[in-house]
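Novice: Could you work out the structure for the sequence below:
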Amino acid sequence: MKGGSIQFVSADDPLMRVVSEVSAEGKFALRTVKDNSSARGAPEGEYEVIVQPPSIEDSRGGVQGAHRGVASIVLPRKIKVVAKENTFKIVLPVTQP
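Specialist: Take a look at the predicted model:
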């Protein structure tokens, strides 16, 4: 996926946000936000992953609205972050036309 965003959601700490924008190359680098502070990466733990595809542009070249008409994708399996550098390959489900 080119663009959009990704969020890792922890059941242990619902006030913590682990998020990233997805680059044009489909890559992301997570950052953790909590209590008005931010840090690179994600704390160790298990996370539900929610992917927000990029917004859709109309044929006139304008944006229809922030993610309007594009549903979030919740991955069927949780991802485990361990206390080291992590690399994840996330495969999104493909819908048939």
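
Novice: quick check: mean pLDDT across the lengthiest strand in the chain?
Specialist: For the chain, the strand that runs over the most residues, judged by DSSP state E, is strand 45-52. Strand 45-52 shows an average pLDDT of 95 in the prediction.

Novice: That one pairs with which strands, and in what direction?
Specialist: The sheet places strand 45-52 alongside strand 5-10 (antiparallel), strand 73-74 (antiparallel), strand 79-81 (antiparallel), with pairing taken from DSSP bridges.

Novice: and it, which residues are buried?
Specialist: Going by neighbour count (16 or more other C-beta atoms under 10 Å), the buried part of strand 45-52 is 45, 47, 49, 51-52. (C-beta placed from N, C-alpha, C; glycine too.)

Novice: on that earlier part again, distance to Glu21 and mean pLDDT for the strands paired with strand 45-52 - can I get that in a markdown table?
Specialist: Below are the strands paired with strand 45-52 laid out as a markdown table (distance: least, C-beta to C-beta, whole Å; pLDDT from 0 to 100):
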| stretch | distance to Glu21 | mean pLDDT |
| --- | --- | --- |
| strand 5-10 | 5 | 96 |
| strand 73-74 | 16 | 94 |
| strand 79-81 | 18 | 95 |
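
Novice: about what we covered before: got the buried residues of strand 45-52 as JSON lines, with distance to Pro93 columns?
Specialist: Shown next, in JSON lines, are those (distance: C-beta to C-beta, whole Å):
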{"residue": "Gly45", "distance to Pro93": "24"}
{"residue": "Tyr47", "distance to Pro93": "18"}
{"residue": "Val49", "distance to Pro93": "12"}
{"residue": "Val51", "distance to Pro93": "10"}
{"residue": "Gln52", "distance to Pro93": "15"}
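
Novice: Tell me which of the strands paired with strand 45-52 is the most buried.
Specialist: strand 5-10 (a mean of 19; mean count of other C-beta atoms under 10 Å).

Novice: Identify the residue spatially nearest to Asp12, adjacent ones excluded.
Specialist: Spatial nearest neighbour of Asp12, chain neighbours left out: Gly45 (6.1 Å); criterion: C-beta to C-beta, 6 or more residues apart in numbering.
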